[in-house]
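# Have a look at this prediction, sequence included:
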Amino acid sequence: MTLLSLNELPDLNALDVPLDTALVTAAILGIAVALALVAHRLAFVVIRRAVAHGPVSFGEPIFQGVRAPSRWLAVAIAISAVAERLPLIRPGWEIIAEFLAPIVFGWLALGFVRGAATAHERRMEALLDPIHMRSRKTRIEIFRRTASSLIIVITIALVLLSIPGVRQVGVTLMASAGLAALAIGAAAQPALKSLIAGIQMALTEPIRIGDMVKVEGTVGRVEEIRMTFVVVRVWDERVLVVPTGKFFEESFENWSRAADQLTGIVMLNLDPIANVPPIRQAFLAFVHDHPLWDKRDAAALVVEAFPESIALRLSMTAATIGDMWDLRCAVREFMLEWLRENQPEALIRHRLEVEAANERGSEG
């Protein structure tokens, strides 16, 4: 490294700017920015009043999402217009604009995508029933996350490409991009697999947000669906995180695929001497008077018979899965109490034949 000589140093006097020129430039720049902010505010006041009533009100999230980035875009446009006519700030602004433009436009696109997803979700809530709404919400959420990820990646790439050094390195490494892509693809195979599974889940919908599922022996409600994993909330407030690909590779149960209505059963293992018709009548009378029964179906059937016991299946229906759980618990408790009071002989007891042993003991 060689030191610059005195003759090679930049002329500091050439960089001096008259004070009046700097003040005029700053004043013009400030006025332009203020006018841009005022115009932006007036435009959004008019838009807000336009979308405040009627069906167009569903577009409110879109305008809220693009409000902040569009404000910065208006300021950037104002500065660009001033820089075209004032050579004092033109070189510096051209350098800043190369970095600022991808960030502002990426922010604007991200706000639009998120706002459009929220607006579409609100519109579907007003038009669809809860079951179909869960299906639509799942698709909206997955596509929103996918689009947001792509926008962020593209924005970062554009910002990096605006750096001369990074651009030159990228051109130099272009020849080895094929091998690098293969290496990255092999290392990121699980992530890519989950990403593809997330897109496939949005299209096929084996599960939706709000569905009650049983996976890995645990029952819970789907709380969140991401590109790589699914969050299942268990009844005891535990959170089960399941990889997205697991729902395509292994079997699972979806208890609310078509509707929240569910048929529940309570199994009673009784002694073979049990008198079934009175038990059936007691069960039906209790269920018919219970507020959680939705009046679709109720039955008591002997489904198994063994020398030492019989299996009596009590089936009933309810409007929701939570109501079904409560109804099953109530039926189980009532039937056990009824059997103890009315047919105690129907309850299975383990008996030991001790008469022969007593006789042998008395002979001794």
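Yep, that arrived.

# Now for Leu203, how many residues are close by?
Residues within reach of Leu203, counting by other CB atoms under 10 Å, total 8. (Glycine included, C-beta is placed from N, CA and C.)

# Double-check Trp338 against Arg280; I have them as touching.
No. Using CB atoms under 8 Å, Trp338 is not in contact with Arg280; the gap is 11.5 Å.

# Tell me which helix or strand comes right after the helix ranked longest in the chain.
The longest helix of the chain (DSSP state H) is helix 90-127. Sequence-wise, the next helix or strand downstream of helix 90-127 (DSSP states H and E) is helix 130-161.

# Okay, angle between that next one and helix 90-127 too, please.
Relative orientation of helix 130-161 versus helix 90-127 (axes from the mean of the first three to the mean of the last three CA atoms, to 10 degrees): 170 degrees.

# what about helix 130-161, distance to the chain center?
11 Å (CA atoms, centre = their mean, to the nearest Å).

# Now do it: which elements does it pack against?
Packed against helix 130-161 by the contact rule (3 or more CB pairs under 8 Å, 6 or more residues apart in numbering; DSSP states H and E) you find helix 90-127, helix 164-172, helix 189-204, strand 218-225.

# Of the ones you listed, which shows the lowest average pLDDT?
Mean pLDDT values for those show the minimum at helix 164-172, a mean of 56.

# quick revisit: in JSON lines: the helices and strands packed on helix 130-161, plus distance to Leu270.
As requested, the helices and strands packed on helix 130-161 are exported to JSON lines (distance: least, CB to CB, whole Å):
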{"stretch": "helix 90-127", "distance to Leu270": "48"}
{"stretch": "helix 164-172", "distance to Leu270": "77"}
{"stretch": "helix 189-204", "distance to Leu270": "44"}
{"stretch": "strand 218-225", "distance to Leu270": "27"}
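
# So which of those is nearest Leu158?
Counting by CB to CB, Leu158 lies closest to helix 90-127 out of those; the figure is 3.7 Å.

# contacting residues for Val45?
The contact partners of Val45, by CB atoms under 8 Å, 6 or more residues apart in numbering, come to none.

# One more: Gly322?
Contacts of Gly322 (CB under 8 Å, 6+ apart): none.

# distance between the helix or strand hosting it and the chain's centre?
Per DSSP H and E, Gly322 falls inside helix 321-342. Taking CA atoms, centre = their mean, the mean C-alpha location of helix 321-342 is offset from the chain mean by 36 Å.

# now do stretch 320-329
26 Å.

# just stretch 80-89 next, same as before
Taking mean C-alpha positions (CA atoms, centre = their mean), stretch 80-89 and its chain are 46 Å apart.

# shift numbering so it begins at 27
Taking 27 as the first residue, the last one we looked at is stretch 106-115.

# List the buried residues for that stretch?
By 16 or more other CB atoms under 10 Å, the buried positions in stretch 106-115 come out as 108-109, 112, 114-115.

# between the residues you listed, which is closest to Glu242?
Ala109 (60.6 Å).

# Flag the shaky bits of this protein, pLDDT-wise.
Applying pLDDT under 70 to the chain picks out residues 27-48, 76-85, 152-158, 160-161, 190-221, 223-224, 228, 376-390.

# hang on, isn't Arg291 packed against Arg339?
Wrong residue type there; residue 291 is Ile, not Arg. Yes. Assessed by CB under 8 Å, Ile291 is found in contact with Arg339 at 5.5 Å.

# so how far is Ile336 from Ile299?
Distance, Ile299 to Ile336, using CB to CB, to the nearest Å: 9 Å.

# can you pull up the bridge partners for Ala326?
On the basis of DSSP bridges, Ala326 is bridged to Leu340.

# Cross-check the contact I'm expecting between it and Phe312.
No. Using CB under 8 Å, Ala326 is not in contact with Phe312; the gap is 10.9 Å.

# Compare neighbour counts for the two and give me the winner.
Neighbour count, other CB under 10 Å: between Ala326 and Phe312, Ala326 has more, with 21 against 18.

# tell me the contacts of that one?
Residues in contact with Ala326, defined by CB under 8 Å, 6+ apart, are 302, 305-306, 309-310, 338-341.

# Mind checking which of the residues you listed are buried?
Among the contacts of Ala326, those classed as buried by 16+ other CB under 10 Å are 302, 305-306, 309, 338, 340-341.

# any chance of the residues you listed in CSV, with secondary structure too?
Shown next, in CSV, are those (DSSP: H, G, I helix; E, B strand; the rest coil):
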residue, secondary structure
Val302, helix
Ile305, helix
Arg306, helix
Phe309, helix
Leu338, strand
Leu340, strand
Ser341, strand
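
# And those residues, which is closest to Ile225?
The shortest approach to Ile225 among those belongs to Ser341, at 39.4 Å (CB to CB).

# ok, Glu242 - how many residues close by?
For Glu242, using other CB under 10 Å, the count is 10.
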